[in-house]
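Enquirer: With the input below, show me the fold.
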Amino acid sequence: MSREEKTRKIKELNQKLSALKKERDKLNAEAETLMEKRNKLNERVKILSLEIRELRKERDKLNEKVKELKQLRERTKAEILEKIEELKKLRREIKVLVAKKPSKSLQTLKREVEKIEWEIQTNPLSLQEEREFIERVKKLEAQVKIHEKIKRLREKRLELQAEIEALREKSRNYHEELTERAEESQRLHERMLERIKEMKKVKTEADGMHQNFLKTREKARGKNSKMAAILNQIKRLRQEIRKEEEKERKKSEEALREKIEKHAEEKLKRGEKLTWEEFKILTEKDAGKQD
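Expert: Numbering: from 1, shown residues only. Below you'll find the predicted structure:
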């Protein structure tokens, strides 16, 4: 390959190098853009992950409260059933006592007891009469006790009914709060699922962006490799041209030296005066011959 061909080849290679540099710079710019987009997407993934963690934490806290309220509601229901059983038992007891209840009212019975006790205290009685009066008082007091027990049991019944109603109200309150917390937990769960879905989508997009970034960067590296190969080729051609130029320069210098030597020798033969350069060249020639 001639020097002109090599020079032309270097020009062509420089054009290719310039085109490759533009392509590489474009790829690097694309890789930079892809990297920025990937980083933004990964940042969004982090934000969503934190939000999911907080939603899960809040949801689990509500679920624990729901669990606690369920336990309280069930415990209250158990208490209600116990009270109802107690009330049933009490009603049966009252029913039995009512069947035995004297026909006379409590007030009438108490007056009769007071009247007999007055008779015993104020009138002289024989032993037989006193015994009869005491026996009558015992019978009357037994009837009074039935009335009083019925009264106590009925009061107890009212208390139990009030306690049952209070427990039912408490159970309703537990159920209402439980329902509210459960609904709130469900809303949080749905929001969490939405965030998880979004996070997966963003992560997939970020992964795809990262793959595109790697491919683009690899393409840019490929351009760099090609550019390095072309630069080596240009360097080699330039070295070859420099060697050729150096060879030609030495050849020209040798031809010029020979010409000067010949001209100087002719001047000596003619007896003409030599220039310093001519004298020096002839002296070096003679020294070379002696060596």
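
Enquirer: And the closest residue in space to T76 that isn't next to it in sequence, how close does it get to R75?
Expert: Among residues not flanking T76 along the chain, S171 sits closest, at 4.4 Å (C-beta to C-beta, 6 or more residues apart in numbering). The way it works is simple: take the backbone N, C-alpha and C, and place the C-beta from them, glycine included. To R75, S171 is 9 Å away according to C-beta to C-beta, to the nearest Å.

Enquirer: give me every residue that touches the nearest residue to L153 once chain neighbours are set aside.
Expert: Nearest residue to L153 in three dimensions, chain neighbours excluded: I94, at 4.9 Å (C-beta to C-beta, 6+ apart). Counting by C-beta atoms under 8 Å, 6 or more residues apart in numbering, I94 touches I150, L153, R154, R157.

Enquirer: for the helix or strand hosting S252, the distance to its chain's centre please.
Expert: Using DSSP states H and E, S252 maps to helix 127-270. Remark: helix 127-270 is offset 3 Å from the chain centroid, using C-alpha atoms, centre = their mean, to the nearest Å.

Enquirer: Apart from its neighbours in sequence, what residue is nearest N42?
Expert: N42 sits nearest to A206 (C-beta to C-beta, 6+ apart), 5.2 Å away.

Enquirer: How much space separates the one you found from I52?
Expert: Distance of A206 to I52, given as C-beta to C-beta: 16 Å.

Enquirer: So if I had to pick from S171 and R75, which one is more boxed in?
Expert: S171 (18 against 14; other C-beta atoms under 10 Å).

Enquirer: and L13, how many neighbours does it have?
Expert: 16.

Enquirer: quick one: it and Q233 touch, right?
Expert: Yes - counting by C-beta atoms under 8 Å, Q233 is a contact partner of L13 at 5.9 Å.

Enquirer: Is there a neighbour count for R238? I'd like the number.
Expert: By the criterion of other C-beta under 10 Å, R238 has 13 neighbours.

Enquirer: Great, nothing more from me.
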